[in-house]
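Participant: Prediction below, plus the sequence it came from.
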Amino acid sequence: MVLESSEYLKALVTNDSNVIRKIYDDIFPSVCSYIIKNNGSQEIAEDVFQKGLIQLMIRYKKEPFTINGTFKAYFFIVCRNVWRRELKNSKTKVTKEPFFVLKSEDDDFALGVLEQERWELFSEKLNQLSENCKQVLSSYFKKQSYLDIKNKFNYNSESVVRQRVFKCKNKLIEIITKDPRFKDLKEL
């Protein structure tokens, strides 16, 4: 059974066990693999996956939205962001706090929703750039060296690549900050 993204979201809100099982069957293996490759475990992957489902459900209940692209890709990004946030929080606890701080799950989900909305704004605005800027920034964000980017795009020098990255990043920042949603999504 092939479902549209909106059908997956509605199924989460209505607690449709058949569709939720399909989500687990279709997407959990890739999420689990990603988390295990990034210092996690099967148990952690299960928790992250569950938090991702809850985060999507809460967000969709609050304000229905549409997903551009596949549900699988979107949900994978949600889970990846949940996992990154958990890694960041665990590093903070270990290095900066001598005691455990109990966080409300509501706070955690709210942060997850905020992070996802920021990612969506970033992705949307990145797609508004020229094709060359998108490709150069994509390579840069993947931490490819300036030399690799120079060779990939046949630029004359690494200095030219640095200038191109700088201009493209500034253009991206400009169009993101002009968007009315930016003010609501920026960190306080």
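Facilitator: On my side now, so go ahead. Residues are numbered from 1 along each chain as shown.

Participant: gap between the residue nearest to Lys134 when sequence neighbours are not counted and Ile175?
Facilitator: The shortest distance from Lys134 to any residue other than its chain neighbours is 6.2 Å, reached at Leu126 (Cβ to Cβ, 6 or more residues apart in numbering). Every residue, glycine included, has its C-beta placed from N, CA and C. From Leu126 across to Ile175, the span is 9 Å (Cβ to Cβ, to the nearest Å).

Participant: ditto for Leu56
Facilitator: Looking at Leu56 against Ile175, where the rule is Cβ to Cβ, the gap reads 27 Å.

Participant: the more surrounded of the two?
Facilitator: The residue with more neighbours, out of Leu56 and Ile175, is Leu56; 26 against 16, by other Cβ atoms under 10 Å.

Participant: I'd assumed Ile77 was in contact with that one.
Facilitator: No. The pair Leu56 and Ile77 does not pass the contact test of Cβ atoms under 8 Å, sitting 10.9 Å apart.

Participant: Show the pLDDT at Cys32.
Facilitator: The predicted local distance difference test score for Cys32 is 92.

Participant: typed the wrong thing, it's Asp47
Facilitator: pLDDT, the model's per-residue confidence, is 90 for Asp47.

Participant: following whichever strand or helix holds it, which helix or strand comes up?
Facilitator: Asp47 is part of helix 42-62, with elements assigned from DSSP states H and E. Beyond helix 42-62 on the C-terminal side, the first helix or strand identified by DSSP H and E is helix 71-96.

Participant: got the angle for that following helix vs helix 42-62?
Facilitator: Between helix 71-96 and helix 42-62, the angle comes out at 120 degrees (axes from the mean of the first three to the mean of the last three Cα atoms, to 10 degrees).

Participant: Quick check: which helices or strands does helix 71-96 pack against?
Facilitator: Where contact means 3 or more Cβ pairs under 8 Å, 6 or more residues apart in numbering; DSSP states H and E, helix 71-96 is packed against helix 5-14, helix 17-37, helix 42-62, helix 105-126.
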